[in-house]
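Peer 1: Sharing a sequence plus its predicted fold:
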There are 4 protein chains.
Amino acid sequence: MATEPQEAPETAVDRELDDAIAARGYVESRVRVRYAETDKMGVVYHANYLVWFEVGRVEFLRAMGLDYSTMERETNVMLAVLEATARYKAPAKYDDELAVRATMTGIRGPIVRFRYSIVRIVDRLVLCEGETVHMALGPDFKRAELPSEYAERFRRLVHEIHGNAAGSGIAKLAGSSEPGANGGELA
Amino acid sequence: MATEPQEAPETAVDRELDDAIAARGYVESRVRVRYAETDKMGVVYHANYLVWFEVGRVEFLRAMGLDYSTMERETNVMLAVLEATARYKAPAKYDDELAVRATMTGIRGPIVRFRYSIVRIVDRLVLCEGETVHMALGPDFKRAELPSEYAERFRRLVHEIHGNAAGSGIAKLAGSSEPGANGGELA
Amino acid sequence: MATEPQEAPETAVDRELDDAIAARGYVESRVRVRYAETDKMGVVYHANYLVWFEVGRVEFLRAMGLDYSTMERETNVMLAVLEATARYKAPAKYDDELAVRATMTGIRGPIVRFRYSIVRIVDRLVLCEGETVHMALGPDFKRAELPSEYAERFRRLVHEIHGNAAGSGIAKLAGSSEPGANGGELA
Amino acid sequence: MATEPQEAPETAVDRELDDAIAARGYVESRVRVRYAETDKMGVVYHANYLVWFEVGRVEFLRAMGLDYSTMERETNVMLAVLEATARYKAPAKYDDELAVRATMTGIRGPIVRFRYSIVRIVDRLVLCEGETVHMALGPDFKRAELPSEYAERFRRLVHEIHGNAAGSGIAKLAGSSEPGANGGELA
């Protein structure tokens, strides 16, 4: 797709995808709560939100035109989880339709950061927020370089989302519990 | 450990282990129901019994002195699941202590069969019974030979458990719901 | 929606929904394989197919205009799993998009039967087939009557799918591995 | 068991149990990594550590003579997770035997805090550390009072573990990665 192969891995298409993400500040995916994900409290077991964060993370990359599966296979680099945090606001219930909003919040060397918000579709209530920190690892589970074509796009995208001061992705994610503020953004 | 290396992979120790299993007819492991394993019905979600079957299967092999993890790593052969069946008799609940009884019921070429019974410790009630069928696969997910040292011991063990007509492992597993019949066997 | 409330729970809309299912023979849902669902073999852990069967089952009911969640809440009856079987043909891999095809195959008293087929979207390969048997249970986990409005529609739908001899849902599900035979049915 | 019923729910036995926990600073449970808990990276999927934290938390309470299952049933109060954090140091692998060390680190009103450390048995390497924050909730998922007999014992135990300055439970957990420092504490 690039006009000058290998030297300009980023294309006009990539740029458009990134701009679309930057404009909104996050990427939104949908999940529906499965019976298997509930527990005897009658609500979703808390560890499952980390699984949904991962769904959101993967779809964030896919919206950039990047395929995490391909990245693992072709570059032999994985983004291992270094740290994960979740704050639970209200319980998701069986069969609820949920929006998983994910945004990249930082990149420094082999470290990449994501932030998430899980929003109940029916009333836009934020059920859970969280962050994950990842490190690029090689097949030996040792620290590795993030492939440069990924690193560059990540850096620029983080900059674009953050630089967009009035409506940064983090602000949008954080403010997503106020229907007034983010009502129009729900797909 | 073998007196004649490579030619007699089975040792007196192996024989003793196998005899112990054959005498009882199965190997018993323990699990305690985790909150994560329950669902909104207030009982264990049905797919988790397959996970416990696997716990039982691995402990069955360990009781033979075989380490499934080592087998996968050293022989590059995995025992992939071809078929799994579970029949649910009564629900396991949160924090229940359970006995997972596993026995090998057949081996033919690359195919190995296991049978299971999940028994509630407190009253010896059988909660679930099931079977799995496995096939030896290579790293390419193509059918492979079961390593001969495993195949031989599996064959003999299946023969010993089955040949022991009056009290075969299958009969013992099947009859495990009658406290009178199997009361004394609970570790 | 009914013209004569309570007496004719089935409406023209219900009939249309059921006819649409009967015509195709099954209901199809989509899932994408999550990282959490893979295991160290690099493919999906076998117990997760039962979770997808449940996704298919719930969407089958939803396609009939029935909401399993509402049924549990309003009638106090749950469809507990009595038996589950899965036959694994080929492994699903991380990020694969899958079609979960579910059909109801029988109803007799409080017992309802479903059949499933998990098909890889990209090449229509059948990865897994299976069945589940369910029993209506009350909140005390004792056998209960299936609410009559559900029972009647289930019976008629099973009859319609089966009676449609040349292209019964079961035949369609079973034959779904031949792209030639079922190619046109993939949404 | 109490000499003055209802007024002194704490007994000599309770005191002994609490003293034993305070002396060590934490309660240790064991888990063995299941195949189902691994992912295609070949190591444990990160969300499963939260499940093990829960195992540790429940065993912490059990070591105090408290049964979380009974507490939920008898007092109608649950300890819902408000926040969970995990920091991953090194990956757990299939079939690894792990120690889950849990300690209570705080109680204020309906809020209870726990800290965890997951240690690989074979070499005492700390694989993961984390915290959870819980809130007492009633059956309506509204904030509730922690039953007073639990609250009192929690408060005293937290005080005893923390007051023991030189060797507080938190210090012990935090320092558990140095075999020299905590070698003797491994059961």
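Peer 2: It's in. Model, not experiment: these values are computed from the prediction.
Peer 1: what's downstream of the helix or strand hosting residue A:117, the next helix or strand?
Peer 2: When elements are assigned from DSSP states H and E, residue A:117 belongs to strand A:111-120. Sequence-wise, the next helix or strand downstream of strand A:111-120 (DSSP H and E) is strand A:126-137.
Peer 1: which residue sits closest to residue A:125, ignoring its sequence neighbours?
Peer 2: Spatially, and ignoring its direct neighbours in sequence, residue A:125 is nearest to residue A:90 (5.9 Å; C-beta to C-beta, 6 or more residues apart in numbering or on different chains). C-beta: built from backbone N, CA, C; applies to glycine.
Peer 1: quick one: low-confidence ranges for chain A?
Peer 2: For chain A, applying pLDDT under 70 flags the ranges A:1-10, A:163-172, A:174-187.
Peer 1: Residues of it that sit close to chain B?
Peer 2: A:35, A:36, A:38, A:39, A:40, A:42, A:43, A:45, A:47, A:94 (C-beta under 8 Å from any C-beta of the partner chain).
Peer 1: again, only using 6 Å
Peer 2: Within chain A, the positions adjacent to chain B are A:35, A:36, A:38, A:39, A:40, A:42, A:45, A:94 by C-beta under 6 Å from any C-beta of the partner chain.
Peer 1: number of nearby residues for the fourth one?
Peer 2: This means residue A:39. Residues near residue A:39, counting by other C-beta atoms under 10 Å in any protein chain shown, number 23.
Peer 1: Could you pull up the residues touching it?
Peer 2: If you count contacts by C-beta atoms under 6 Å, 6 or more residues apart in numbering or on different chains, residue A:39 has them with A:45, B:35, B:38.
Peer 1: Most neighbours among those residues, which one is it?
Peer 2: Going by other C-beta under 10 Å, residue A:45 tops the contacts of residue A:39 with 25 neighbours.
Peer 1: Next up, the contacts around that one.
Peer 2: For residue A:45, the contacting residues are A:39, B:36, by C-beta under 6 Å, 6+ apart.
Peer 1: same check, this time on residue A:28
Peer 2: By C-beta under 6 Å, 6+ apart, the residues touching residue A:28 are A:99, A:101.
Peer 1: Give the next helix or strand downstream of the strand or helix carrying residue A:20.
Peer 2: Following DSSP H and E, one finds residue A:20 within helix A:12-24. Once helix A:12-24 ends, the next helix or strand along the chain (criterion: DSSP H and E) is strand A:27-32.
Peer 1: now that following strand, how far from the centre of its chain.
Peer 2: 10 Å (C-alpha atoms, centre = their mean, to the nearest Å).
Peer 1: quick one: strands adjacent to it?
Peer 2: Using DSSP bridges, the strands paired with strand A:27-32 in its sheet are strand A:97-108 (antiparallel).
Peer 1: which residues touch the partner strand?
Peer 2: Residues from elsewhere that reach strand A:97-108, judged by C-beta under 6 Å, 6+ apart: A:26-29, A:31-32, A:52, A:55-57, A:60, A:113-119, A:121, A:154-155, A:158, A:169, A:173.
Peer 1: Relative to residue A:147, how far out is residue A:135?
Peer 2: Remark: distance between residue A:135 and residue A:147 (C-beta to C-beta, to the nearest Å) = 14 Å.
Peer 1: Neighbour count: the two, which is higher?
Peer 2: Shown here are residue A:135 and residue A:147; by other C-beta under 10 Å, residue A:135 has more neighbours (18 against 15).
Peer 1: That one: what's it in contact with?
Peer 2: Shown in contact with residue A:135 (C-beta under 6 Å, 6+ apart): A:80, A:82, A:110, A:111.
Peer 1: Give the closest residue to residue A:113 in space, chain neighbours not counted.
Peer 2: Distances taken as C-beta to C-beta, 6+ apart put residue A:106 closest to residue A:113, at 3.9 Å, once the chain neighbours are dropped.
Peer 1: Just flag the most distant two among the residues of chain A next to chain B.
Peer 2: Farthest-apart pair in the residues of chain A next to chain B is A:36 and A:42; separation 14.0 Å (C-beta to C-beta).
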